[in-house]
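For reference, the sequence and a predicted model appear below.
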Amino acid sequence: MRLIWTFFAGMLLAVVALAVTAPIVAGVGLVTWATRGDLWTVLSGPTYFAIRDDRGRLVGRSVNIAFHPVAVVLPGDPRPQRLLVRLEVDTSELGDATGDGRVRLDAWPIEVVGDLRKPPLYTVVVPGRNASLDPEGMMVVERGNGRRSAFSLSDGGWLYDADVTVAGFPLDPEHRRFAALAQADDDLPLGAVAVLTLASPQRVIRRLLISADDAGRGRFLRGSVAMTRPVPRLDDASHRVLEVPLPAGTLRIAFVGDDLNLASAEIPAGLKLTEMKPWLAKK
């Protein structure tokens, strides 16, 4: 008798469950059928913070992923094109460290749905602790040593490094230029002081090495780079000039069109300018 009652109780529970779930299943099926022409193509990625104990020391890892639709000018096409940018910043610290993590940027065209099912148009992977998208069409990556590097959203190409404030200025209502100054790296020749870069949001226009004739003086001036910055000005004749104030004197270079006129540069005594070409994209 007990087995019979157990059987009937089970049947009753099954009927109740079916009565409750059947409308839900039917509703989901109806919605899926009704929206069968509105399928979404989805890109996603994990964003998280994790922490663990490493022999008594807390170790953290932060991964932040964001998607940004942008409009940029692509090489060979003057018309702005729509891109979807996936920006990932992966840092393995708790905020009190000075090392670098990893920054990755992937970009897809978004003209048709199928574009997002293809490999990215380009990918940039560089060391960094933070990254942001500049409204001018660049990705700016911050390093643990305070240096900032800019990359073009047009093709992922490296534009400049900067250790001081970047000077952005318009040449006309539709064209902007950026002058960036970075302390010379140790792998550059003796006497190297700083690297001056002129760039647009799409490409490097000019990259110049400022160096001293004397290696000892070059080391001294290199240490002063953090206290200066490039300054665009208009001279008395309303001609645009780029100035770089240094302890050895002010470097002045006039513009011709959208480029620097090295032939007319005013260079402080004991210093020299050398064009760095070709430059390598730091991807």
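Here it is on my side, so go on.

what does the model give the closest residue to A162 other than its chain neighbours for pLDDT?
In space, and not counting its chain neighbours, A162 is closest to A180: 4.0 Å by CB to CB, 6 or more residues apart in numbering. Heads up, the C-betas are built off the backbone N, CA and C, glycines and all. Note for A180: predicted pLDDT of 97.

before we move on, what about K118?
K118 carries a pLDDT score of 92 in this model.

Surely it and D106 touch.
No - with contact defined as CB atoms under 8 Å, K118 does not count as touching D106 (11.4 Å).

hang on, the residue nearest to A162 packs against P230?
Yes - counting by CB under 8 Å, A180 touches P230, with 7.3 Å between them.

shared neighbours of the two, which are they?
Counting by CB atoms under 8 Å, 6 or more residues apart in numbering, the shared contacts of A180 and P230 are A167, L196.

Tell me, how many residues neighbour V42?
Counted with other CB atoms under 10 Å, the neighbours of V42 add up to 6.

mind listing the helices for the stretch 101-250 of the chain?
Counting by DSSP state H, counting those that start in this stretch, the stretch 101-250 of the chain has helices at residues 215-223.

Low-confidence stretches in it?
The stretch 101-250 of the chain contains residues with pLDDT under 70 at 236-238.

re earlier: show me the beta-bridge partners of the residue nearest to A162.
For A180, the beta-bridge assignment (DSSP bridges) gives partners T197.

Please tell me how far G249 sits from A215.
Using CB to CB, to the nearest Å, G249 is found at 19 Å from A215.

for A50, that is, sorry about that
Remark: distance between A50 and A215 (CB to CB) = 47 Å.

hang on, the earlier thing: which residues does the residue nearest to A162 contact?
By CB under 8 Å, 6+ apart, the contact set of A180 is A150, Y160, D161, A162, V166, A167, L196, T197, A199, P230.

Pretty sure the third one sits against F178.
When you say that, I think you mean D161. No - under the criterion of CB under 8 Å, D161 makes no contact with F178, lying 11.7 Å away.

list the residues that contact both of these two?
T197.

Can you report how many residues neighbour R143?
The burial count for R143: 19, using other CB under 10 Å.

now the one 10 residues further on
With neighbours defined by other CB under 10 Å, the count for L153 comes to 27.

Run through the strands of the stretch 1-150 of the chain in chain order.
Remark: strands assigned in the stretch 1-150 of the chain by DSSP state E, counting those that start in this stretch are 48-54, 57-73, 80-91, 101-109, 122-128, 130-134, 138-142, 148-152.

The longest one: how far from the chain's middle?
Relative to its parent chain, strand 57-73 has a centroid offset of 10 Å by CA atoms, centre = their mean, to the nearest Å.

Could you tell me the angle between it and strand 48-54?
Orientation check (axes from the mean of the first three to the mean of the last three CA atoms, to 10 degrees): strand 57-73 against strand 48-54 gives 150 degrees.

quick one: strands adjacent to strand 57-73?
Strand 57-73 has its sheet partners listed here by DSSP bridges as strand 48-54 (antiparallel), strand 80-91 (antiparallel).
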